[in-house]
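Colleague: need coordinates for the below:
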Amino acid sequence: MMTLFLGGIGWGELLLIVLAILLLFGGKKLPELMRGMGKGVKEFKDAMNEPSDEKKEEKPEEK
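Modeller: Residues are numbered from 1 along each chain as shown. Have a look, this model is predicted:
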């Protein structure tokens, strides 16, 4: 059985988690929840790239 990136979680466990989330939040709230999570991931990636951009700008040009 193939495991995912989350340690030893396989497809069966992942399916169980998805079904539990679907039961808790319902089909109507799920797209809104995923959209919010996508925005959070995008902001996190932007924040992770921000310090490297500042370092490049602060480097003095060498001759």
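
Colleague: skip the chain neighbours and tell me the closest residue to residue 33.
Modeller: Excluding the flanking residues, the one nearest residue 33 by CB to CB, 6 or more residues apart in numbering is residue 25, at 5.9 Å. Where C-beta positions appear, they are placed from N, C-alpha and C, glycine not excepted.

Colleague: I'd like the distance between the one you found and residue 19.
Modeller: Distance, residue 25 to residue 19, by CB to CB, to the nearest Å: 11 Å.

Colleague: residue 8 now?
Modeller: From residue 8 to residue 19 the distance is 19 Å (CB to CB).

Colleague: what number of residues lie near the residue nearest to residue 33?
Modeller: 13 (other CB atoms under 10 Å).

Colleague: what's the helix or strand hosting residue 18 packed up against?
Modeller: For residue 18, the host element (DSSP states H and E) is helix 11-58. Here helix 11-58 touches no other helix or strand, going by 3 or more CB pairs under 8 Å, 6 or more residues apart in numbering; DSSP states H and E.
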